[in-house]
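Colleague: Any chance you could fold what I've pasted below:
(one chain, ligands or ions: 1)
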Amino acid sequence: MDLGLKDKHVLITGASGGIGLELVRAFLIEDAKVTATYNHSRDALDGIQENSQKQLAVVKVDVREESEVKSLFEQSQNTFGRIDIMVANAGIANHAPAPIHEMSLKQWQRTMAVNLTGVFLCSKYFVENLANHHGNHASLILIGSTAGLFGEAWFADYATSKAALHGLMMSIKNEIVHVAKKGRVNLVNPGWTLTPMSKEVLTDSEKATRILQTIPLRKTAVPEDIAGAILYLASDKLSGHISGQTLTVAGGMEGRVLYSREDLESDVDEMIQR
Ligand SMILES: NC(=O)c1ccc[n+]([C@@H]2O[C@H](COP(=O)([O-])OP(=O)(O)OC[C@H]3O[C@@H](n4cnc5c(N)ncnc54)[C@H](OP(=O)(O)O)[C@@H]3O)[C@@H](O)[C@H]2O)c1
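Modeller: Okay, the predicted model is just below:
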């Protein structure tokens, strides 16, 4: 099916990671022009570039730095022109659990700097690019997380940074239409997805069991599952009347398992005997 993405210019941040790399592949298959960003290593992207040099530009950016983000947008507009679609996908998660009373301000600020300020900066320059280049259509897709919906004990920094994206989306969906009449903004919340970010958890059988207990489909996602939802929201043909929506891609996930059976034994006895 033709999604109408041919020659659209798509900017994907965090394109060297698990979900981002799959997005690059998916948009190139649709013959889009892709600007793909990385922060530390471009190795994974170089594998793709050999076959698609004309349609792919790879740029290094640290999304926490306004000067780097500004320069990313200047470079990518010089290469492929107006950016029609942006997927704000770059993100970090801390691997060590930290209860809030032990979480350092440094950790909190580091997570916010990438996951929230980084998305703000990229959204700012994406909308500025729309203001500078005439065009009716545009799609901005923010990448949140089920952590932003359900919270995540011991990872309050990450959950809060992702929940805040809802407010950002709901605000700029009403602004974007002033610079691109049919511009749309949506939020995709992936659930657990097998990538370098989550591999440690998803390959631990005890943690994986706990996770699957809340997922009716009894599986976690692979990056292709998330890319499908993003292609849908990028395509005006498929979702041209959808803006301000959250699409959760998590196999029907209900939330969190808080306690094991053993944790609850004495509480259950007490409750039954009341
Ligand atoms: N995997 C999951 O289970 C899951 C679940 C829910 C939501 N998500 C969200 O989905 C998005 C992609 O996650 P993923 O699983 O694909 O993670 P990943 O494999 O760890 O990739 C993260 C990407 O973000 C980039 N990045 C990190 N810090 C950056 C910075 N300061 N500036 C610019 N880029 C930076 C990384 O670049 P370098 O590698 O070059 O540093 C990498 O390309 C994230 O926003 C994540 O929070 C993931």
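Colleague: tell me the average confidence for stretch 132-150?
Modeller: Regarding stretch 132-150, the rounded mean pLDDT is 98.
Colleague: should've said stretch 168-182
Modeller: Mean per-residue pLDDT for stretch 168-182: 98.
Colleague: hmm, who's touching that stretch?
Modeller: The contact list for stretch 168-182 (Cβ atoms under 8 Å, 6 or more residues apart in numbering) reads 119-120, 123, 127, 130-131, 135-138, 140, 142, 183-187, 236, 240, 243-244, 246. Where C-beta positions appear, they are placed from N, C-alpha and C, glycine not excepted.
Colleague: quick one: contacts for the closest residue to Thr220 other than its chain neighbours?
Modeller: Distances taken as Cβ to Cβ, 6 or more residues apart in numbering place Trp192 nearest to Thr220, at 4.1 Å, with adjacent residues excluded. Applying Cβ under 8 Å, 6+ apart to Trp192 gives the contacts Thr146, Ser198, Val201, Leu202, Ile211, Thr220, Ala221, Ala250, Met253.
Colleague: which secondary structure element contains Val59?
Modeller: Here Val59, judged by DSSP states H and E, is contained in strand 56-60.
Colleague: do that strand and the ligand meet at all?
Modeller: No - interface with the ligand: strand 56-60 contributes nothing (Cβ under 6 Å from any ligand atom), its closest point being 8.1 Å away.
Colleague: And for stretch 32-45?
Modeller: Yes - Stretch 32-45 lies within reach of the ligand by Cβ under 6 Å from any ligand atom, at Tyr38, Asn39, His40, Ser41.
Colleague: Can you report how many residues lie near the last one?
Modeller: Residues lying near Ser41 (other Cβ atoms under 10 Å) number 10.
Colleague: SS state for the closest residue to it other than its chain neighbours?
Modeller: Nearest residue to Ser41, sequence neighbours excluded (Cβ to Cβ, 6+ apart): Ser16, at 6.1 Å. Of the three states, Ser16 takes coil under DSSP: H, G, I helix; E, B strand; the rest coil.
Colleague: Count residues in the vicinity of Ser16, would you?
Modeller: Using other Cβ under 10 Å, Ser16 has 24 neighbouring residues.
Colleague: hang on, isn't it packed against Asn39?
Modeller: Yes - judged on Cβ atoms under 8 Å, Ser16 makes contact with Asn39 at a distance of 7.3 Å.
Colleague: Next up, phi/psi of the residue in the stretch 1-150 of the chain that the ligand sits nearest to, please.
Modeller: Closest approach between the stretch 1-150 of the chain and the ligand, counting by Cβ to the nearest ligand atom: Gly17, at 1.8 Å. As for Gly17, its main-chain torsions (degrees, to the nearest 10) stand at phi -90, psi -180.
Colleague: Just give the number of residues close to it.
Modeller: By the criterion of other Cβ under 10 Å, Gly17 has 21 neighbours.
Colleague: Next, the contact list for it, please.
Modeller: Asn89, Ala90, Thr195, Pro196, Met197.
Colleague: Thr195 and Ala221 touch, don't they?
Modeller: No - Thr195 sits out of contact with Ala221 when judged by Cβ under 8 Å, with a separation of 9.3 Å.
Colleague: higher neighbour count, these two?
Modeller: Applying other Cβ under 10 Å to Thr195 and Ala221 shows that Ala221 carries more neighbours, namely 24 against 19.
Colleague: Pull up the gap between the more buried one and Ser266, please.
Modeller: Distance, Ala221 to Ser266, by Cβ to Cβ, to the nearest Å: 36 Å.
Colleague: out of the contacts of Gly17, which are inside strands?
Modeller: Among these, DSSP state E puts none in strands.
Colleague: PyMOL command for the buried members of these?
Modeller: Only the buried entries of these go into this PyMOL selection, using 16 or more other Cβ atoms under 10 Å:
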select buried, resi 89+90+195+197
